[in-house]
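Student: Structure for the following, please:
(one chain, ligands or ions: 2)
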Amino acid sequence: MKALHFGAGNIGRGFIGKLLADSNVEVIFADVNENVINLLKTNRTYGVKIVGDSINTVEQVKNVSGVNSTDEAAITALFNEVDLVTTAVGPNVLKIIAKSVAKALEARLASGNTKPLNIIACENMVRGTSFLKEQVFQHLNPAVKDQVERLIGFVDSAVDRIVPPVQPDANDPLLVTVEEFSEWIVDKTQFKGEIPNIKGMEQTDNLMAFVERKLFTLNTGHAVTSYYGKSIGYKFVKESIEDTDVKAFVKSVMQESGAVLIKRYGFDPQAHAAYIEKILKRFANPYLVDDVDRVGREPLRKLSHNDRLIKPLRGTLEYGLPNDNLIRAIATALKYRNENDPQALELAQSLAENGVVATVKKYTELQDESVIARIAAAYNA
Ligand SMILES: NC(=O)C1=CN([C@@H]2O[C@H](COP(=O)(O)OP(=O)(O)OC[C@H]3O[C@@H](n4cnc5c(N)ncnc54)[C@H](O)[C@@H]3O)[C@@H](O)[C@H]2O)C=CC1
Ligand SMILES: O=P(O)(O)OC[C@H]1O[C@](O)(CO)[C@@H](O)[C@@H]1O
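Tutor: Numbering: from 1, shown residues only. Ligands and ions are numbered 1, 2, ... in the order given. Below is the predicted model of the structure:
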């Protein structure tokens, strides 16, 4: 089997690409990072270092190659040869690759290739592949839309593995360090044709429960660990979560978002409490050098309506559940500053020019005046 994977970054190489290659899939990575692509083309293999309390090993990922994502002709040719397309480029990049995906699908169909093809976006967002599908359809020739609906599966997924930024390794510049835990869950109702048999790719017909469980527990807790930690001077996630005050606050936020998940999906409260504890341990992994600025990157995305802070808050309002800690958590996100992060710069500028109430309204799309006032009060505290 052959797959084209967009995004040869942390997740691309450390998680999705590795799972595919470990299931004997030939993986071609498409990226805009020429250096990484050339190394993949030359070396055809790279190492993944798996670290944890009871593990410290490097596994070789084999039979990989690379292509420049902006080389439309090459991408189009590959679309006609692969059986699976996956992405891990970041939510903001999906609309950028949508045009070349649309062109490549048109060419695949025009060549008479009527084999089903599945596309799975592996991004930290709710139903990222459905979003990619909308973007692709905006570029598609209307004459082929029915054929695409019939033959091309756009499969939503939830991805969970903490993969910090690459620490340059002298022997293997492509080496990625990952935690042992990984969870990749796909919506089995959206596939066209055979569902590929990939070890570690779990199928479900109840994806939203898994997406929200992960996004609003792990990512919510991770973001707050980073925002609150950075505000009191920590640089790494590990040292932040080891601070008992930070850990207590993060846990209280995860319990508030957890109450929404338990109410919405009927999760067993004890099981969810255990899931929270397991994630707090993952944050403290002493072998992962994870920077608060990686986890806190793009604060406007993380403060948006359907992301890890506001969507859980909206759930507490919907179900009448406690939310004092989520309100404080959102305030810590508003306080996030990072000269190297364009979204952090835009956030700081908005707060300086328009004030906190207007900023909260603009980026969170919350309307409840009393809730916005509580966030503003927490921010000014
Ligand atoms: N790092 C982590 O622990 C996890 C990240 N995620 C999600 O995975 C996705 C990727 O995250 P990371 O791997 O951490 O980011 P990353 O920045 O390491 O990788 C993104 C890759 O996409 C490439 N890229 C940018 N524009 C492109 C284009 N037009 N075509 C092809 N490639 C392009 C970049 O060059 C980069 O190599 C994000 O949605 C993130 O939220 C999800 C779970 C874990
Ligand atoms: O990749 P994002 O959405 O910018 O946020 C980083 C998040 O991704 C993860 O790396 C995995 O979900 C978390 O470790 C972290 O919370």
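Student: Around ligand 1, which positions in this structure sit nearby?
Tutor: Within the chain, the positions adjacent to ligand 1 are 6-12, 30-33, 69, 88-91, 93, 96-97, 123-124, 159, 161-163 by C-beta under 6 Å from any ligand atom. (C-beta placed from N, C-alpha, C; glycine too.)
Student: Mind doing that once more with 5 Å?
Tutor: By C-beta under 5 Å from any ligand atom, the residues of the chain that approach ligand 1 are 6-7, 9-11, 31-33, 69, 88-90, 93, 96, 123-124, 159, 162-163.
Student: Out of those, list just those in strands.
Tutor: Using DSSP state E to define strands, the subset of the residues of the chain next to ligand 1 located there is Phe6, Asp31, Val159.
Student: So which of those wins on neighbours?
Tutor: Each of these was scored for neighbours by other C-beta atoms under 10 Å, and Phe6 scores highest at 27 neighbours.
Student: who's in contact with it?
Tutor: With contacts defined as C-beta atoms under 8 Å, 6 or more residues apart in numbering, the neighbours of Phe6 are Gly12, Phe29, Ala30, Asp31, Ser69, Val85, Thr86, Thr87, Ala88, Val89, Ile97.
Student: pLDDT at the fourth one, what is it?
Tutor: The score at Asp31 is 98. That number is its pLDDT.
Student: Not including adjacent chain positions, what is the nearest residue to it?
Tutor: Ranked by C-beta to C-beta, 6 or more residues apart in numbering and with sequence neighbours excluded, the top spatial neighbour of Asp31 is Ala8, at 4.1 Å.
Student: related to what we said a few turns ago, can I get the ones in strands among the residues of the chain next to ligand 1 in a markdown table with distance to Ala348?
Tutor: Compiled in a markdown table, those are given as follows (distance: C-beta to C-beta, whole Å):
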| residue | distance to Ala348 |
| --- | --- |
| Phe6 | 31 |
| Asp31 | 30 |
| Val159 | 30 |
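Student: Let me have these in JSON lines, adding distance to ligand 2 as columns.
Tutor: Output for those, formatted as JSON lines (distance: C-beta to the nearest ligand atom, whole Å):
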{"residue": "Phe6", "distance to ligand 2": "15"}
{"residue": "Asp31", "distance to ligand 2": "16"}
{"residue": "Val159", "distance to ligand 2": "7"}
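Student: between those residues, which is nearest Lys199?
Tutor: Sorting these by how near they are to Lys199, with C-beta to C-beta, puts Val159 at the top with 15.3 Å.
Student: Spatially nearest residue to that closest one, not counting backbone neighbours?
Tutor: Once flanking residues are discounted, Val159 sits nearest to Cys122: 4.4 Å by C-beta to C-beta, 6+ apart.
Student: Might one say that that neighbour is in contact with Thr86?
Tutor: Yes. In this structure Cys122 lies within contact range of Thr86 using C-beta atoms under 8 Å: 5.8 Å.
Student: Please identify which of the two sits among more neighbours.
Tutor: Per other C-beta under 10 Å, whichever of Cys122 and Thr86 has more neighbours is Thr86, with 30 against 26.
Student: what residues are up against the spatially most central residue of the chain?
Tutor: Nearest to the mean C-alpha position of the chain, counting by C-alpha atoms, centre = their mean, stands Asn124 at 2.1 Å. Asn124 sits next to Pro91, Val159, Leu215, Asn219 when contact means C-beta under 8 Å, 6+ apart.
Student: Out of these, name the ones that lie in helices.
Tutor: Within these, membership in helices is found for no residue, as judged by DSSP state H.
Student: Which members of these are classed as buried?
Tutor: Pro91, Val159, Leu215, Asn219 (16 or more other C-beta atoms under 10 Å).
Student: Mind putting those into a markdown table with pLDDT?
Tutor: Below are the buried ones among the contacts of Asn124 laid out as a markdown table (pLDDT from 0 to 100):
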| residue | pLDDT |
| --- | --- |
| Pro91 | 94 |
| Val159 | 95 |
| Leu215 | 93 |
| Asn219 | 96 |
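Student: Next to ligand 2, which bits of the chain? Give me the list.
Tutor: Counting by C-beta under 5 Å from any ligand atom, the residues of the chain close to ligand 2 are Asn124, Ile162, Asn219, His222, Val295, Arg297.
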